[in-house]
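Colleague: what's the 3D shape of this:
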Amino acid sequence: NEHFCPLCPNPLPGMPPGFARHQAAIQRLWFQKRILPKNHRLSQFVNEQLKKMIRTHEAEVFVIEDDEKNAFATGTNQIYVTTGLLKLLKSEEELLALLMHELTHIEKEHVFSHRLLDPFDLYGLGVRRLAEFQADMAMLLELDKRGINPIGAINFTKTMNMLIWEKRKDPKNRYYRLLE
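Modeller: Take a look at the predicted model:
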């Protein structure tokens, strides 16, 4: 079955509280067939690009058919990205930047801290911003090590920042911090 969900129906042993809610949302996407099958041309292309970025953790990308512009990593070494976000990317370098950013969240286990903290908790907000900054910096350094033009990463963070600005009207700008 092309739409088989790689996540088991019960929370995985050792997963933190709250993980089951995140897992259930992903399972709903599989059930609604909004996640493109692995043999879909776009899924194959994005996973081929991911293979260029793998460092220490094996991972897989799943493409969600949705106009929402979003990407996220899970604690089970999976990256989900929407077609809406993919349509915004203007180059292969921007796609590689996106994938490296999400891989960093997996490698540093940011995915757990992001999901467990109360969004109104100032400490939690600081932890999430630090995690995003770490992922952005690791993305730039790793792309540079691989000889990939960092302008794609800058453009990607600028695009994401504009989306964040539109959604949250958040004056903290990741794009300008990277340029410093």
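
Colleague: just give the closest residue to residue 106, not the sequence neighbours.
Modeller: Nearest residue to residue 106, sequence neighbours excluded (C-beta to C-beta, 6 or more residues apart in numbering): residue 73, at 4.8 Å. (Glycine included, C-beta is placed from N, CA and C.)

Colleague: hang on, the one you found packs against residue 102?
Modeller: Yes - counting by C-beta atoms under 8 Å, residue 102 is a contact partner of residue 73 at 4.5 Å.

Colleague: tell me what the longest helix anywhere in the chain is packed against?
Modeller: Secondary structure of the chain per DSSP state H: the longest helix is helix 122-145. Under the contact definition 3 or more C-beta pairs under 8 Å, 6 or more residues apart in numbering; DSSP states H and E, helix 122-145 sits against helix 92-107, helix 110-116, helix 151-168, helix 174-179.

Colleague: repeat the analysis, applying 6 Å as the threshold.
Modeller: Under the contact definition 3 or more C-beta pairs under 6 Å, 6 or more residues apart in numbering; DSSP states H and E, helix 122-145 sits against helix 92-107, helix 110-116, helix 151-168.

Colleague: buried residues, that helix. List them.
Modeller: For helix 122-145, a neighbour-count test (16 or more other C-beta atoms under 10 Å) marks 127, 128, 131, 132, 135, 136, 138, 139, 140, 142, 143 as buried.

Colleague: before we move on, what about stretch 76-94?
Modeller: Buried positions in stretch 76-94, judged by neighbour count with 16+ other C-beta under 10 Å: 76, 78, 79, 80, 81, 82, 83, 85, 86, 89, 93, 94.

Colleague: inside helices: which ones of those residues?
Modeller: 83, 85, 86, 93, 94.
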